[in-house]
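Chemist: Fold the following and give me the result.
(one chain, ligands or ions: 1)
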Amino acid sequence: MSSSQSSNRPVAWGPRAGVPRDDMPRTLAGQTARKLRQDIIQGKLQPGERLTFERLTRMYEVGSSPLREALFQVAAEGLVHGEDHKGFIVAPINLGEMMDVSSLRAQLEMFAASLSIEHGGEEWETRVLSASHRLKRAEVALRQAGPEQRRAAEDDWEQRHREFHYALCSACGSPWALHFFDQLYDQLERYRRHFWQYAERAEAADDEHESILQAALAHDREKTTSLLKAHFQKQAALTTDAMQVDPQRLQEISSPAMRGEEAGGASATKPAPRRGRPRRVA
Ligand SMILES: [Zn+2]
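Modeler: Just a heads-up that it's a prediction; the model follows:
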(Lines give C-alpha, C1' and ligand atoms only; values in the text may rest on other atoms or scores of the structure.)
Protein backbone atom coordinates (compact mmCIF):
# COMPACT_ATOMS: atom_id res chain seq x y z
CA MET A 1 0.00 0.00 0.00
CA SER A 2 1.47 3.35 -0.97
CA SER A 3 1.61 6.19 1.49
CA SER A 4 -0.74 8.36 -0.55
CA GLN A 5 -3.37 5.61 -0.61
CA SER A 6 -3.28 4.95 3.09
CA SER A 7 -3.06 8.50 4.34
CA ASN A 8 -5.24 10.57 2.11
CA ARG A 9 -8.08 8.66 0.53
CA PRO A 10 -11.17 7.18 2.14
CA VAL A 11 -11.20 3.40 1.85
CA ALA A 12 -14.18 1.88 0.05
CA TRP A 13 -14.42 -1.31 2.07
CA GLY A 14 -14.77 -2.31 5.70
CA PRO A 15 -17.54 -1.86 8.26
CA ARG A 16 -18.47 1.62 7.13
CA ALA A 17 -17.19 1.43 3.59
CA GLY A 18 -15.47 4.77 3.92
CA VAL A 19 -18.44 6.62 5.41
CA PRO A 20 -17.23 8.79 8.29
CA ARG A 21 -18.82 7.99 11.62
CA ASP A 22 -20.06 11.55 12.00
CA ASP A 23 -22.28 11.31 8.91
CA MET A 24 -25.95 11.10 9.82
CA PRO A 25 -27.17 7.51 9.29
CA ARG A 26 -29.61 7.17 6.41
CA THR A 27 -32.18 4.93 8.12
CA LEU A 28 -34.49 5.80 10.98
CA ALA A 29 -33.15 2.81 12.92
CA GLY A 30 -29.58 4.06 12.42
CA GLN A 31 -30.51 7.56 13.56
CA THR A 32 -32.28 6.17 16.63
CA ALA A 33 -29.28 3.96 17.43
CA ARG A 34 -27.07 7.02 17.26
CA LYS A 35 -29.24 8.94 19.76
CA LEU A 36 -29.54 5.93 22.06
CA ARG A 37 -25.78 5.33 21.99
CA GLN A 38 -25.12 8.97 22.82
CA ASP A 39 -27.64 9.02 25.70
CA ILE A 40 -26.03 5.92 27.21
CA ILE A 41 -22.46 7.20 26.83
CA GLN A 42 -23.33 10.60 28.25
CA GLY A 43 -25.16 9.08 31.23
CA LYS A 44 -28.63 10.36 30.38
CA LEU A 45 -29.58 6.70 30.52
CA GLN A 46 -28.02 5.15 33.59
CA PRO A 47 -26.20 1.80 33.85
CA GLY A 48 -28.64 -0.99 34.69
CA GLU A 49 -31.65 1.14 33.79
CA ARG A 50 -34.52 -0.69 32.15
CA LEU A 51 -35.26 0.38 28.58
CA THR A 52 -38.96 0.00 27.92
CA PHE A 53 -40.35 0.29 24.40
CA GLU A 54 -43.07 2.56 25.70
CA ARG A 55 -40.58 5.03 27.05
CA LEU A 56 -38.12 4.92 24.17
CA THR A 57 -40.71 5.27 21.41
CA ARG A 58 -41.85 8.44 23.17
CA MET A 59 -38.31 9.71 23.78
CA TYR A 60 -37.11 9.22 20.23
CA GLU A 61 -40.45 9.61 18.48
CA VAL A 62 -40.10 6.40 16.48
CA GLY A 63 -42.15 3.27 15.97
CA SER A 64 -41.34 -0.02 17.63
CA SER A 65 -39.82 -1.58 14.52
CA PRO A 66 -36.93 0.90 14.00
CA LEU A 67 -36.54 1.07 17.77
CA ARG A 68 -36.10 -2.70 18.04
CA GLU A 69 -33.49 -2.57 15.27
CA ALA A 70 -31.69 0.29 17.04
CA LEU A 71 -31.65 -1.61 20.33
CA PHE A 72 -30.12 -4.65 18.67
CA GLN A 73 -27.55 -2.45 16.96
CA VAL A 74 -26.45 -0.82 20.22
CA ALA A 75 -26.62 -4.18 22.03
CA ALA A 76 -24.14 -5.57 19.50
CA GLU A 77 -21.74 -2.82 20.60
CA GLY A 78 -22.11 -3.87 24.26
CA LEU A 79 -23.87 -0.74 25.51
CA VAL A 80 -27.25 -2.43 25.90
CA HIS A 81 -27.96 -5.89 27.29
CA GLY A 82 -30.91 -7.95 26.08
CA GLU A 83 -32.40 -10.31 28.63
CA ASP A 84 -34.61 -13.26 27.74
CA HIS A 85 -38.26 -12.37 28.28
CA LYS A 86 -37.28 -9.27 30.24
CA GLY A 87 -36.45 -6.80 27.52
CA PHE A 88 -33.43 -4.54 27.48
CA ILE A 89 -31.34 -2.71 30.06
CA VAL A 90 -28.46 -0.25 29.76
CA ALA A 91 -25.26 -2.27 30.22
CA PRO A 92 -24.04 -2.08 33.82
CA ILE A 93 -20.54 -0.79 34.33
CA ASN A 94 -17.74 -2.71 35.89
CA LEU A 95 -14.14 -2.14 36.92
CA GLY A 96 -12.93 -5.31 35.20
CA GLU A 97 -14.57 -4.25 31.96
CA MET A 98 -13.01 -0.81 32.12
CA MET A 99 -9.54 -2.33 32.57
CA ASP A 100 -10.12 -4.79 29.74
CA VAL A 101 -11.32 -2.11 27.31
CA SER A 102 -8.57 0.28 28.33
CA SER A 103 -5.84 -2.26 27.72
CA LEU A 104 -7.29 -3.25 24.36
CA ARG A 105 -7.68 0.36 23.30
CA ALA A 106 -4.05 1.04 24.16
CA GLN A 107 -2.88 -1.92 22.06
CA LEU A 108 -5.08 -0.98 19.12
CA GLU A 109 -4.09 2.67 19.14
CA MET A 110 -0.39 1.90 19.44
CA PHE A 111 -0.75 -0.42 16.46
CA ALA A 112 -2.76 2.04 14.36
CA ALA A 113 -0.64 5.08 15.26
CA SER A 114 2.47 3.14 14.41
CA LEU A 115 1.13 2.33 10.94
CA SER A 116 0.01 5.93 10.47
CA ILE A 117 3.50 7.18 11.28
CA GLU A 118 4.88 4.78 8.71
CA HIS A 119 2.41 5.62 5.93
CA GLY A 120 1.14 9.09 6.82
CA GLY A 121 2.10 11.97 4.59
CA GLU A 122 1.67 15.71 4.79
CA GLU A 123 -2.12 15.53 4.83
CA TRP A 124 -2.07 13.19 7.81
CA GLU A 125 0.35 15.49 9.64
CA THR A 126 -1.96 18.44 8.96
CA ARG A 127 -4.98 16.48 10.26
CA VAL A 128 -3.17 15.59 13.47
CA LEU A 129 -1.90 19.13 13.96
CA SER A 130 -5.31 20.65 13.36
CA ALA A 131 -7.02 18.15 15.71
CA SER A 132 -4.44 18.94 18.37
CA HIS A 133 -5.07 22.67 18.05
CA ARG A 134 -8.83 22.14 18.39
CA LEU A 135 -8.31 19.95 21.45
CA LYS A 136 -6.14 22.60 23.12
CA ARG A 137 -8.88 25.18 22.57
CA ALA A 138 -11.44 22.84 24.13
CA GLU A 139 -9.18 22.32 27.14
CA VAL A 140 -8.95 26.09 27.69
CA ALA A 141 -12.73 26.44 27.34
CA LEU A 142 -13.24 23.61 29.83
CA ARG A 143 -10.97 25.27 32.36
CA GLN A 144 -12.78 28.58 32.02
CA ALA A 145 -16.32 27.19 31.93
CA GLY A 146 -18.68 28.15 34.75
CA PRO A 147 -21.19 25.65 36.13
CA GLU A 148 -23.69 26.61 33.44
CA GLN A 149 -21.34 25.92 30.54
CA ARG A 150 -19.51 22.94 32.01
CA ARG A 151 -21.60 20.21 30.45
CA ALA A 152 -21.30 21.70 26.94
CA ALA A 153 -17.56 22.19 27.45
CA GLU A 154 -17.18 18.54 28.48
CA ASP A 155 -19.11 17.40 25.41
CA ASP A 156 -16.86 19.52 23.23
CA TRP A 157 -13.67 18.25 24.87
CA GLU A 158 -14.76 14.62 24.43
CA GLN A 159 -15.55 15.16 20.77
CA ARG A 160 -12.25 16.89 20.06
CA HIS A 161 -10.30 14.40 22.17
CA ARG A 162 -11.80 11.59 20.08
CA GLU A 163 -10.89 13.48 16.91
CA PHE A 164 -7.28 13.94 18.00
CA HIS A 165 -6.74 10.28 18.80
CA TYR A 166 -8.65 9.28 15.66
CA ALA A 167 -6.49 11.59 13.54
CA LEU A 168 -3.37 9.94 14.93
CA CYS A 169 -4.66 6.57 13.77
CA SER A 170 -6.34 7.78 10.58
CA ALA A 171 -3.54 6.90 8.14
CA CYS A 172 -3.23 3.31 9.38
CA GLY A 173 -4.94 1.96 6.25
CA SER A 174 -7.19 -0.40 8.25
CA PRO A 175 -10.92 0.48 8.29
CA TRP A 176 -11.46 -2.38 10.74
CA ALA A 177 -8.95 -0.89 13.19
CA LEU A 178 -10.76 2.47 12.94
CA HIS A 179 -14.12 0.74 13.43
CA PHE A 180 -12.90 -0.87 16.65
CA PHE A 181 -11.27 2.42 17.65
CA ASP A 182 -14.73 4.01 17.75
CA GLN A 183 -16.30 1.17 19.71
CA LEU A 184 -13.55 1.11 22.32
CA TYR A 185 -13.56 4.89 22.58
CA ASP A 186 -17.34 4.84 23.20
CA GLN A 187 -16.90 2.37 26.03
CA LEU A 188 -14.18 4.34 27.79
CA GLU A 189 -15.93 7.65 27.27
CA ARG A 190 -18.87 6.26 29.21
CA TYR A 191 -16.61 5.52 32.16
CA ARG A 192 -15.10 8.98 32.02
CA ARG A 193 -18.53 10.60 31.90
CA HIS A 194 -19.54 8.82 35.06
CA PHE A 195 -16.39 9.26 37.08
CA TRP A 196 -14.12 12.03 35.91
CA GLN A 197 -13.56 15.56 37.02
CA TYR A 198 -13.01 16.74 33.46
CA ALA A 199 -11.45 20.15 33.99
CA GLU A 200 -8.61 18.77 36.09
CA ARG A 201 -7.85 15.71 34.00
CA ALA A 202 -8.11 17.59 30.70
CA GLU A 203 -5.57 20.11 31.91
CA ALA A 204 -3.17 17.37 33.02
CA ALA A 205 -3.68 15.47 29.76
CA ASP A 206 -2.83 18.53 27.70
CA ASP A 207 0.94 18.07 28.17
CA GLU A 208 0.66 14.37 27.37
CA HIS A 209 -1.18 15.14 24.13
CA GLU A 210 1.44 17.72 23.18
CA SER A 211 4.26 15.19 23.66
CA ILE A 212 2.37 12.59 21.63
CA LEU A 213 1.80 15.16 18.88
CA GLN A 214 5.47 16.12 18.68
CA ALA A 215 6.64 12.51 18.59
CA ALA A 216 4.10 11.64 15.88
CA LEU A 217 5.03 14.64 13.72
CA ALA A 218 8.69 13.63 14.08
CA HIS A 219 7.63 10.16 12.80
CA ASP A 220 9.19 8.62 15.88
CA ARG A 221 7.23 5.39 16.24
CA GLU A 222 8.93 4.12 19.33
CA LYS A 223 8.47 7.34 21.27
CA THR A 224 4.88 7.83 20.13
CA THR A 225 3.80 4.33 21.13
CA SER A 226 5.54 4.51 24.48
CA LEU A 227 3.90 7.89 25.22
CA LEU A 228 0.53 6.47 24.18
CA LYS A 229 1.03 3.50 26.46
CA ALA A 230 1.79 5.77 29.42
CA HIS A 231 -1.19 7.99 28.49
CA PHE A 232 -3.59 5.03 28.60
CA GLN A 233 -2.10 3.60 31.78
CA LYS A 234 -2.55 6.92 33.53
CA GLN A 235 -6.08 7.25 32.24
CA ALA A 236 -6.96 3.75 33.48
CA ALA A 237 -5.38 4.40 36.89
CA LEU A 238 -7.29 7.66 37.31
CA THR A 239 -10.56 6.06 36.30
CA THR A 240 -9.94 3.15 38.69
CA ASP A 241 -9.26 5.55 41.57
CA ALA A 242 -12.32 7.61 40.75
CA MET A 243 -14.51 4.50 40.54
CA GLN A 244 -13.44 3.47 44.02
CA VAL A 245 -14.11 6.81 45.65
CA ASP A 246 -17.78 5.99 46.13
CA PRO A 247 -18.14 2.18 46.60
CA GLN A 248 -21.89 2.40 47.12
CA ARG A 249 -22.37 4.25 43.86
CA LEU A 250 -20.07 1.78 42.10
CA GLN A 251 -22.00 -1.20 43.36
CA GLU A 252 -25.28 0.40 42.40
CA ILE A 253 -24.33 0.84 38.79
CA SER A 254 -22.30 -2.38 38.50
CA SER A 255 -25.27 -4.69 38.74
CA PRO A 256 -28.33 -4.89 36.53
CA ALA A 257 -30.59 -3.43 39.17
CA MET A 258 -33.52 -3.06 36.78
CA ARG A 259 -34.30 0.34 38.16
CA GLY A 260 -37.90 1.27 37.67
CA GLU A 261 -39.11 -2.33 37.67
CA GLU A 262 -40.63 -2.06 41.11
CA ALA A 263 -42.70 0.88 39.89
CA GLY A 264 -43.84 -1.00 36.80
CA GLY A 265 -41.36 0.94 34.67
CA ALA A 266 -42.83 4.27 35.65
CA SER A 267 -39.68 5.58 37.29
CA ALA A 268 -37.71 4.76 34.17
CA THR A 269 -39.47 7.57 32.38
CA LYS A 270 -36.91 10.01 33.71
CA PRO A 271 -33.15 9.53 34.04
CA ALA A 272 -31.86 8.53 37.45
CA PRO A 273 -30.35 11.54 39.21
CA ARG A 274 -26.66 12.02 38.70
CA ARG A 275 -24.90 11.72 42.01
CA GLY A 276 -22.36 14.28 43.17
CA ARG A 277 -19.08 14.04 41.36
CA PRO A 278 -16.25 12.20 43.09
CA ARG A 279 -13.44 14.11 44.64
CA ARG A 280 -10.55 15.34 42.60
CA VAL A 281 -8.78 12.41 41.03
CA ALA A 282 -5.52 13.87 39.81
ZN1 LIG B 1 -5.92 11.41 25.15
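
Chemist: what residue is smack in the middle of the protein?
Modeler: With distances taken as CA atoms, centre = their mean, Asp186 lies nearest the centre of the chain, 2.5 Å away.

Chemist: so where's this structure shaky on pLDDT?
Modeler: Along the chain, segments meeting pLDDT under 70 span 1-12, 16-20, 256-282.

Chemist: can you list the domain ranges for it.
Modeler: Using automatic domain parsing, the domain parsing of the chain gives 28-91, 95-245.

Chemist: what would those look like in JSON lines with distance to Arg21?
Modeler: C-betas here are computed from N, CA, C, even on glycine. Formatted as JSON lines, the domains of the chain follow (distance: least, CB to CB, whole Å):
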{"stretch": "domain 28-91", "distance to Arg21": "9"}
{"stretch": "domain 95-245", "distance to Arg21": "6"}
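
Chemist: what's near enough to touch the residue nearest to the residue nearest to the centre of the chain when sequence neighbours are not counted?
Modeler: Distances taken as CB to CB, 6 or more residues apart in numbering put Ile41 closest to Asp186, at 5.7 Å, once the chain neighbours are dropped. Counting by CB atoms under 8 Å, 6 or more residues apart in numbering, Ile41 touches Leu79, Asp186, Glu189, Arg190, Arg193.

Chemist: May I have the phi/psi pair for Val90?
Modeler: Main-chain dihedrals, Val90, degrees, to the nearest 10: phi -70, psi 130.

Chemist: sorry, back to before: how close does the residue nearest to the centre of the chain get to Leu79?
Modeler: 7 Å (CB to CB, to the nearest Å).

Chemist: what touches both of these two?
Modeler: Both Asp186 and Leu79 are contacted by Arg37, Ile41, under the criterion CB under 8 Å, 6+ apart.

Chemist: Pull the contacting residues for the residue nearest to the centre of the chain.
Modeler: Listed by CB under 8 Å, 6+ apart, the contact set of Asp186 reads Arg37, Ile41, Glu77, Leu79.

Chemist: From Ser64, how far off is the residue nearest to Asp186?
Modeler: For Ile41, the distance to Ser64 equals 23 Å [CB to CB].

Chemist: Asp84 now?
Modeler: Taken as CB to CB, the span from Asp84 to Ser64 is 19 Å.

Chemist: Comparing the two, which residue is more hemmed in?
Modeler: Comparing Asp84 with Ser64 by other CB atoms under 10 Å, the one with more neighbours is Ser64, at 12 against 5.

Chemist: Surely the more buried one touches Thr57?
Modeler: Yes: if you go by CB atoms under 8 Å, Ser64 and Thr57 touch, sitting 6.1 Å apart.

Chemist: which stretches of the stretch 1-150 of the chain form strands?
Modeler: All strands of the stretch 1-150 of the chain, identified by DSSP state E, counting those that start in this stretch, fall at 50-51, 80-83, 87-90.

Chemist: Kindly state which of these is positioned closest to Val128.
Modeler: The closest of the strands of the stretch 1-150 of the chain to Val128 is strand 80-83. By CB to CB, the value is 33.3 Å.

Chemist: Counting by contacts, list what the closest one packs against.
Modeler: In terms of contacts (3 or more CB pairs under 8 Å, 6 or more residues apart in numbering; DSSP states H and E), strand 80-83 is packed against helix 64-76, strand 87-90.

Chemist: now that strand, how far from the chain's geometric center?
Modeler: A distance of 19 Å separates the centroid of the chain from that of strand 80-83, by CA atoms, centre = their mean, to the nearest Å.
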